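Undergrad: Got a sequence here, can you model it:
(2 chains)
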Protein chains: 2
Amino acid sequence: MNKFTMFAKMTAHPGKRDELVRLLLESSQNLEDMEGCELYIINESVDDPDVIWITELWRDAQAHADSLKNEGVLAVIQQARPLIAGVEPIRLRPVGGKGLI
Amino acid sequence: MNKFTMFAKMTAHPGKRDELVRLLLESSQNLEDMEGCELYIINESVDDPDVIWITELWRDAQAHADSLKNEGVLAVIQQARPLIAGVEPIRLRPVGGKGLI
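TA: Okay, the predicted model is just below:
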């Protein structure tokens, strides 16, 4: 399986999480037609009011790399940047389980 | 939305990750018929040879709590315990995005 998963832990500046979530939700519209993007789920941390975790599942690493050249995606990254205090990306290889497409 | 997501970062004892992954894959069979379990994806870390991340999505927190009373699930937890050096659970609230059921 060559699928590519990325978890990204995003920490918003204090009080900015809601705004960041709204922006990410809007931007996930860009991904609806992007065939190589199989999951892009935005999660709020229950225990940390500034933290968001994004679950991404891509057809392969190339599909993920290509998405970062998409104009809509780049525009969102620019808009989101001032709201974000830090990002910790975690690169993963899904091996199986329930619900993997 | 009352859905409940949990990421669990599991660190295997050195050299034990493959065995732990095999066990978790087998055990994910228990979840196939469990209606409240919508996703249970097992991922290997690309950058750390001992680390697994599990992505769980449940109908609600109660469905997750109930699963921990399932005999098959409890048996796997017992078998897995000697292979695991540590677990870091991260409680999340999914808010939207692509692919959320």
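Undergrad: need the residues of chain A near chain B, please.
TA: Proximity of chain A to chain B, by C-beta under 8 Å from any C-beta of the partner chain, involves residues A:5, A:7, A:21, A:24-25, A:28, A:31-32, A:37-47, A:53-55, A:57, A:90-100. All C-beta spots, glycine's among them, are computed from the backbone N, C-alpha and C.
Undergrad: Please list only the buried members of the residues you listed.
TA: The neighbour count (16 or more other C-beta atoms under 10 Å in any protein chain shown) marks A:5, A:7, A:21, A:24, A:28, A:31, A:37-45, A:53-55, A:57, A:90-100 as buried among the residues of chain A next to chain B.
Undergrad: so of those, which ones are in helices?
TA: Here DSSP state H is the test, and those give A:V21, A:L24, A:L31 as lying in helices.
Undergrad: which stretches of chain A aren't confidently modelled?
TA: A:1, A:101 (pLDDT under 70).
Undergrad: Repeat the analysis, applying 80 as the threshold.
TA: A:1, A:99-101 (pLDDT under 80).
Undergrad: before we move on, which element is A:V73 in?
TA: helix A:71-80 (DSSP states H and E).
Undergrad: Which residues outside that helix are in contact with it?
TA: Helix A:71-80 is contacted from outside by A:L20, A:L23, A:L24, A:E26, A:S27, A:N30, A:L31, A:S67, A:L68, using C-beta atoms under 8 Å, 6 or more residues apart in numbering or on different chains.
Undergrad: distance between it and the chain's centre?
TA: 12 Å (C-alpha atoms, centre = their mean, to the nearest Å).
Undergrad: in chain A, which residue is closest to the centre?
TA: Centroid-nearest residue in chain A, with C-alpha atoms, centre = their mean: A:I54, separated by 4.3 Å.
Undergrad: which ones are touching it?
TA: A:M6, A:F7, A:A8, A:M10, A:L24, A:Y40, A:I41, A:I42, A:N43, B:G97.
Undergrad: thinking again about what came up before, could you pull out the buried residues of the helix holding A:V73?
TA: Under the neighbour-count criterion of 16+ other C-beta under 10 Å, helix A:71-80 has A:V73, A:V76, A:A80 buried.
Undergrad: Quick check: the second one vs chain B, distance?
TA: Relative to chain B, A:V76 is positioned 13 Å away (criterion: C-beta to the nearest C-beta, to the nearest Å).
Undergrad: on that earlier part again, can you redo the contacts of A:I54 as TSV with distance to B:Q62?
TA: Formatted as TSV, the contacts of A:I54 follow (distance: C-beta to C-beta, whole Å):
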residue	distance to B:Q62
A:M6	30
A:F7	25
A:A8	28
A:M10	28
A:L24	27
A:Y40	26
A:I41	20
A:I42	23
A:N43	18
B:G97	23
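Undergrad: which among those residues gets closest to B:A85?
TA: Nearest to B:A85 among those is A:F7, at 19.9 Å by C-beta to C-beta.
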